[in-house]
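[1] Predicted model, plus sequence, below.
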Amino acid sequence: MSFTLEMYRERQLNQALESRKLGGYFSKVISVHPLAGLFEPGESRFGAPVLTQLDEGHLFISGTVGVSRLLNWLPPLNLILAQARLISLMYRLGRDSRVDVIRIGDPYYLGLLGLVLAKLLSVPLTIRACFDYDLLFKTSRKAVFPKLFRFRFVEKWIERFVFPRCDLVAGANQNNLDYAIANGALRERGIIFRYGNLIHPAHFTGPETRGDIEQIRDELQLHGSFMLTICRLEKMKQPEQNLYALRELRRAGHDIGFVFIGDGALLNQLEQMAKEMGLSDAVIFAGNRPQEWIAAILPHAKVVLSPHMGRALTEACLAGVPIVAYDYDWQGEIIRGEETGELVPDGDWSQMANKAQRLLEDRSYAIGLGSAARRLALDMMSPGNLSQHEIQAYENLFRSRR
């Protein structure tokens, strides 16, 4: 997995962890972040893996980046020793618990680690492909994990080594599944596990029941109408496109603000861009927020702009808010032009502004799109149905192995 336990807790993503049990289908789950030490301060980066018992059936393991600070003068050796210690621990826990399946969250380091464990324990290996990494590289022109592998061609070799060796390949959507198949996954082993059962229950409540946001407005000093987006402030998410669209709307006479929910390496750059564009008074960077806070503010946005949103796009649809999205990655699967939102060509911020202007000026049309988006999201992302779908996939996998 790629989120640390602290990240899950900070962002109220407990449902994503709880969903791994599939309503009790799996009596025990061991979640592992092998490199959690990268995100930890001081001495907690080193030493033995940290084990946290989330509940009776769920153990969380946080790996470190070194066995000792004394060895930090030779980081590669320190890291190798720490990871060897982690693998040994996972093997013993997997053997003693008689695990039935290993699941990985990406085909790179997690993929190689998962392959080793699956072979040692003689169990099937599954992967949930949650990104089209080729598309991300096209945007960023950088390796997905530059500190680990440095070059994209190395990652491509690992992809083509790992994907064909997975017994089940689950795309978070059709786009992500197509990416996996294009990079070696066997088509007959492909399936789609959508995000619905990972989403916080607050997002499934009726938008009209979520109350007012006066306290949030006071906290953010948010006055008047606003649009928003939810994303990591990283190049691959194209957050600057929102500023270009906002500038066009304000030039057209719309007195509207904008809220960025999320954090990342581009924060300072975006703040400077907003200043240079004369938008400082209109733009609020709210940072990472808990899910209940996000569920509360979403229905009050006039429009959501989505150059590239992942799970949060589903959350916006469930809020019944009108959306303008780029035709990028999986977004066209849920945002259907003039039906559940407005879909515009990737990178065309001028068209995004034009569509947003229509939604701001024709509120009856906008509300209709938002309502249709919620209906589709409730059907496509039904947690109960998706959990049963996953259970059946695992049953088929275990039956074929037997």
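    Structure's in. What do you need?

[2] CA only for contacts and neighbour counts going forward, please
    Noted.

[3] how close does the residue located most distally from the centre of the chain sit to Glu43?
    Within the chain, the residue lying farthest from the chain centre (Cα atoms, centre = their mean) is Leu70, at 35.8 Å. Separation of Leu70 from Glu43 (Cα to Cα, to the nearest Å): 11 Å.

[4] cool, Val303 as well?
    Plainly put, Val303 is 45 Å away from Glu43 if you go by Cα to Cα.

[5] okay, these two: which has more neighbours?
    Each of Val303 and Glu43 has its neighbours counted (other Cα atoms under 10 Å); Val303 has more, 27 against 12.

[6] Correct me if wrong: that one contacts Val324.
    Yes - using Cα atoms under 8 Å, Val303 is in contact with Val324, at 7.4 Å.

[7] Please identify every residue contacting each of the two.
    Ala356 (Cα atoms under 8 Å, 6 or more residues apart in numbering).

[8] Can you tell me the element Ile127 falls in?
    Assessed by DSSP states H and E, Ile127 sits inside strand 125-129.

[9] Can you name the element that comes right after that strand?
    Following strand 125-129 toward the C-terminus (DSSP H and E): helix 133-140.

[10] Might you report the residue contacts of the residue lying closest to Arg95 once chain neighbours are set aside?
    Excluding its sequence neighbours, the residue lying closest to Arg95 (Cα to Cα, 6 or more residues apart in numbering) is Leu121, at 6.6 Å. Leu121 makes contacts with Tyr91, Gly94, Arg95, as judged by Cα under 8 Å, 6+ apart.

[11] And these, which of them are buried?
    By neighbour count, with 16 or more other Cα atoms under 10 Å, the contacts of Leu121 hold Tyr91, Gly94 as buried.

[12] Would you reformat the contacts of Leu121 as TSV and include pLDDT and secondary structure?
    Output for the contacts of Leu121, formatted as TSV (pLDDT from 0 to 100; DSSP: H, G, I helix; E, B strand; the rest coil):
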residue	pLDDT	secondary structure
Tyr91	97	helix
Gly94	96	helix
Arg95	97	helix
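
[13] For the residue farthest from the centre of the chain, report the pLDDT, please.
    What the model reports as pLDDT for Leu70 is 87.

[14] what's the following helix or strand after the helix or strand encompassing Ala274?
    Applying DSSP H and E as the criterion places Ala274 in helix 267-276. Next along the chain after helix 267-276, taking DSSP H and E as the criterion, comes strand 283-287.

[15] Figure out how far that next one is from the centre of its chain.
    19 Å (Cα atoms, centre = their mean, to the nearest Å).

[16] same thing with stretch 221-236?
    That offset, for stretch 221-236, works out to 17 Å (Cα atoms, centre = their mean).

[17] List the buried residues in stretch 325-344.
    So for stretch 325-344, counting by 16+ other Cα under 10 Å, buried means 325-332, 334-336, 339-344.

[18] List the neighbours of that stretch that are in contact with it.
    Contact partners of stretch 325-344, identified using Cα under 8 Å, 6+ apart, comprise 132, 135, 173-176, 305-309, 313-314, 322-324, 345-348, 351-352, 355, 369-373, 376-377.

[19] Please flag which of the residues you listed sit within strands.
    When DSSP state E is applied, the contacts of stretch 325-344 are split such that Leu305, Ser306, Ile323, Val324 fall in strands.

[20] Just name the closest of those to Leu51, please.
    Leu51 lies nearest to Ser306 out of the ones in strands among the contacts of stretch 325-344, by Cα to Cα, at 37.3 Å.
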